[in-house]
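Visitor: whatever this is, show me its structure:
(chains A, B, C and D)
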Number of protein chains: 2
Amino acid sequence: MDNNTVIDLPSIRTGCKTCSLSRLCFPDSETGQEKETTDNPVTRSHKFERGEYIFRVNEPFKTVYAIRTGSVKTYSSLENGKEQVTGFHLPGELLGLDSISTNYHAESAIALESCNICEIAFARLESLSNENPAIQHALLNAMSEEIQHDHQQITLLSRLPAEARLASFLISASSHFHERGFSATDFHLSMTRSDIANLLGLAVETISRLFSLFQEKGLLAVERRHVVLFDIDGLKQLTPDYCRHSRHAYMNQNKAS
Amino acid sequence: MDNNTVIDLPSIRTGCKTCSLSRLCFPDSETGQEKETTDNPVTRSHKFERGEYIFRVNEPFKTVYAIRTGSVKTYSSLENGKEQVTGFHLPGELLGLDSISTNYHAESAIALESCNICEIAFARLESLSNENPAIQHALLNAMSEEIQHDHQQITLLSRLPAEARLASFLISASSHFHERGFSATDFHLSMTRSDIANLLGLAVETISRLFSLFQEKGLLAVERRHVVLFDIDGLKQLTPDYCRHSRHAYMNQNKAS
DNA sequence: CGAAGCGTTGAGTGCTTTCAATAGTTGTGG
DNA sequence: CCACAACTATTGAAAGCACTCAACGCTTCG
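Guide: Take a look at the predicted model:
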């Protein structure tokens, strides 16, 4: 609708810089950040406001989405009407790849704030992947990262006590923001306590209590969605057996064999 | 080493039938089950005994493995020396795809019993995928399924009480065996109670207690690794808000667009 | 201004864990 | 072939962590 109107260029550059499919929009660049082709024959950018759905569960899967700016929550719906949050997503991430095998979306994606999101027809992406080994590898790479991330989430849910889960979540958020050029110690959470609790497999009240506890310990200051980390090492010490906090630690190793 | 010696043809046929990459070995077949090419220029079959590693964490990732017969446990190692089981794998499944993004194995895979396992060089698989859209789609499909399965595992760990977790595990095992031509109600678990507990995020003792409880309820009979299900519907009623029990419910929808 | 949603804090309950003891099973070496 | 060790599995008792229930302020928005 109202795409290609006012665009926040610096933010977009950050989003495209970390985008798994930057080769699509910047085919000449090795790192995908030199040119500023805001409109592209392959991808179309679209704006979503807070609360708008990018896609819903059970809709036909035809399009892959890449976040350019903003943040997104993905979740699957359970039979009893409740939902299970599977992740929060930041600029550069791809949405919808889990639905390839069924042709229908396995989860819903909803904007947590104003977002610019690129849309790529999956059929087009598949044929482009066939023509271009680098794009194929980038696609496999993105899915591989998602699997690794999910395995870390499984470990978190299976092994860590509540304290370690929230600490791990905050460290992860911190490094994700840092990777995108924002402050690693002072940031705004775009999701509710309820969403965090859902992702971490805890009750809302537990999240509240832990935030208060962390504040008492002097690890951080928090006021509603605004978080300031004072002692990241202290937080890390709360996650003794959970090593890899950054899911993008090995990104962009696209050597084609 | 001792591959291509004595091969259990019926079992192999089952494994290849459900293999995500059956097109590699049976390129002419739509369903991948007519010919019996036991040795193939693309894949090499290899035998692993119980306790042997197919690969270990941090080893260079160069090969994708397809289970032809037997069962495999995958797990990641934590800093404190403990391990997190991420899954049990049966014939037809692919191992190692989560390691594409780092070029090093993110987890270890160990044979739970005697296994015949096919090895495909990933570089070769990538170039074959580029030449053949159907193979590329099969590869994306397999990874998509893995992500969906992981999301179900996350839901299980995040939301379900112990009773529902074990019930869900048994139902899943049952349908997996059934899909491969074995009994859905009478089967042998190749993993220890400890492995099950680890996968489900519970203590070993809890698994034992639940097996005893299920027996008292008349839902099943269990003697060490041998399980006989009497009341699958009864088990399903223990998992009220956890719908999809089969990860292969939508397999083989390989329409290329 | 009132309603709805979000967030915090307290008290009590309960599910699962940990600790502990026992028995069955497997594998190995004398 | 038996004995011993290591692993696997079961069951009981007690403790603890996180949940549910409940009440209350704060913010947002119509």
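Visitor: so what secondary structure elements neighbour the strand or helix carrying A:Thr155?
Guide: Take DSSP states H and E as the rule and A:Thr155 turns out to sit in helix A:133-159. If contacts are counted by 3 or more Cβ pairs under 8 Å, 6 or more residues apart in numbering or on different chains; DSSP states H and E, helix A:133-159 sits against helix A:22-25, strand A:83-89, helix A:122-131, helix A:162-179, strand B:83-89, helix B:122-131, helix B:133-159, helix B:193-200. Every residue, glycine included, has its C-beta placed from N, CA and C.
Visitor: try 6 Å
Guide: helix A:22-25, helix A:122-131, helix B:133-159 (3 or more Cβ pairs under 6 Å, 6 or more residues apart in numbering or on different chains; DSSP states H and E).
Visitor: ok now the first one, how far from the chain's centre?
Guide: Just to be clear, that refers to helix A:22-25. 18 Å (Cα atoms, centre = their mean, to the nearest Å).
Visitor: want to throw the helices and strands packed on helix A:133-159 into CSV with mean neighbour count, distance to A:Ser172 and mean pLDDT?
Guide: CSV is the format used below for those (neighbours: other Cβ atoms under 10 Å in any protein chain shown; distance: least, Cβ to Cβ, whole Å; pLDDT from 0 to 100):
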stretch, mean neighbour count, distance to A:Ser172, mean pLDDT
helix A:22-25, 22, 22, 84
helix A:122-131, 17, 28, 94
helix B:133-159, 22, 15, 96
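Visitor: quick one: closest of those helices to DNA strand C.
Guide: Minimum separation from DNA strand C across the helices and strands packed on helix A:133-159 (Cβ to the nearest atom of the strand) falls at helix B:133-159, 10.5 Å.
Visitor: the inter-axis angle of the closest one versus helix A:193-200?
Guide: 110 degrees (axes from the mean of the first three to the mean of the last three Cα atoms, to 10 degrees).
Visitor: helix B:133-159 vs helix A:122-131, what angle?
Guide: Relative orientation of helix B:133-159 versus helix A:122-131 (the same axes, to 10 degrees): 120 degrees.
Visitor: and helix B:133-159, anywhere near DNA strand D?
Guide: No. Shown here: helix B:133-159 not in contact with DNA strand D (Cβ under 7 Å from any atom of the strand), separated by at least 9.0 Å.
Visitor: what residues sit buried inside stretch A:192-199?
Guide: A:Arg193, A:Asp195, A:Ile196, A:Ala197, A:Asn198, A:Leu199 (16 or more other Cβ atoms under 10 Å in any protein chain shown).
Visitor: residues contacting the first one?
Guide: A:Arg193 makes contact with A:Val204, A:Ile207 under the criterion Cβ atoms under 6 Å, 6 or more residues apart in numbering or on different chains.
Visitor: please apply the same query to the third one.
Guide: Neighbour list for A:Ile196: A:Ile207 [criterion: Cβ under 6 Å, 6+ apart].
Visitor: list the contacts of the spatially most central residue of chain A.
Guide: Centroid-nearest residue in chain A: A:His89, 1.9 Å away (criterion: Cα atoms, centre = their mean). By Cβ under 6 Å, 6+ apart, the contact list for A:His89 reads A:Ile67, A:Val72.
Visitor: quick check: A:Ile196 vs B:Ala164, distance?
Guide: Note on A:Ile196: its distance to B:Ala164, by Cβ to Cβ, to the nearest Å, is 23 Å.
Visitor: then A:Arg124?
Guide: Applying Cβ to Cβ to A:Arg124 and B:Ala164 gives a distance of 41 Å.
Visitor: what does A:Ser172 give?
Guide: A:Ser172 is 28 Å from B:Ala164, by Cβ to Cβ.
Visitor: returning to what we had before: so the helix holding A:Thr155 versus strand A:83-89, what angle?
Guide: 130 degrees.
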